[in-house]
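Novice: I'd like to go over a predicted model; first the sequence, then the structure.
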Amino acid sequence: MNNSEPHQSISRCLADEAGEHALAGGADLPRIERAVREILAAVGENPDREGLQETPARVARMYAELFAGLHQDPRVHLQKFFIEKYDEIVLVRDISFNSMCEHHMLPFMGKAHIGYLPNGRVIGLSKLARVVEVVSKRPQVQERMTEEIANLLVEELDAKGVAVVIEATHSCMAIRGVRKPGSVCVTSAMKGVFRANLSSRSEVMTLIYGDTLGTRS
Ligand SMILES: [Zn+2]
């Protein structure tokens, strides 16, 4: 097995680009390194053997990246809005993300669909993806992540309605426990008119999934 090469070059170029300090972004790298070394020893490995010598430092930099959202405020991406008279649903579908399940510290990944009915305030479409990025780069539970994104939009945009649907596969279900690779977990948070009004809700769900549930390719 010679799979340490590409990992090494990736971490090296990340470190070169951003600089060690910027990459840490608030995480305590030496502390993570010590902990990873300890885990390796605890599972019965020798942390000093050649192939593992760089691993604690590499994992520390990776965790700093995967949990960078702990040191960022998603609200900053929702401060610049336009005043528009547009009063139909705005929807961004298939925002891909990856996050870390806080129960097992294993990744879950998938897509977020975000729709809202503006109340005068409209934001740049890329800002919705930024919010997903910050919220997902934390130890997470998919249900809470869905609620958090919806609540952020309700609070910052004063939208008449917000709909967030997240579809994700969890590695903790695929590689351990029940071992069901391929199963998709779907969560949704409906706020405002999308909660109160059935026809508004089915309109936004149709925009997300198309006319017939499950046949979207
Ligand atoms: Zn899990």
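Specialist: Arrived safely.
Novice: hey, let's count contacts and neighbours off CA atoms from now on
Specialist: Fine.
Novice: need the helices for this protein, in chain order.
Specialist: In order along the chain, the chain carries the following helices (DSSP state H): 4-18, 20-24, 29-42, 55-66, 125-136, 142-157, 171-174, 193-196, 198-209.
Novice: of all the ones you listed, which one is nearest the ion?
Specialist: In terms of C-alpha to the ion, the element of the helices of the chain nearest to the ion is helix 171-174, at 4.6 Å.
Novice: pull out the buried positions in that closest one.
Specialist: For helix 171-174, a neighbour-count test (16 or more other C-alpha atoms under 10 Å) marks 171-173 as buried.
Novice: when you check the ion, which of those turn up near it?
Specialist: Residues shared between these and the neighbourhood of the ion are C172 [C-alpha under 5 Å from the ion].
Novice: show me which residues of the chain sit near the ion.
Specialist: Counting by C-alpha under 5 Å from the ion, the chain sits next to the ion at 101, 103-104, 172.
Novice: output the buried residues of helix 171-174 as JSON lines; include the columns pLDDT and distance to L91.
Specialist: Below are these laid out as JSON lines (pLDDT from 0 to 100; distance: C-alpha to C-alpha, whole Å):
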{"residue": "S171", "pLDDT": "95", "distance to L91": "28"}
{"residue": "C172", "pLDDT": "92", "distance to L91": "30"}
{"residue": "M173", "pLDDT": "90", "distance to L91": "30"}
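Novice: of the residues of the chain next to the ion, grab the buried ones for PyMOL.
Specialist: Selection of the buried residues among the residues of the chain next to the ion in PyMOL, burial being defined by 16+ other C-alpha under 10 Å:
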select buried, resi 101+172
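Novice: of the residues of the chain next to the ion, which one scores lowest on pLDDT?
Specialist: Among those, C172 carries the lowest pLDDT, at 92.
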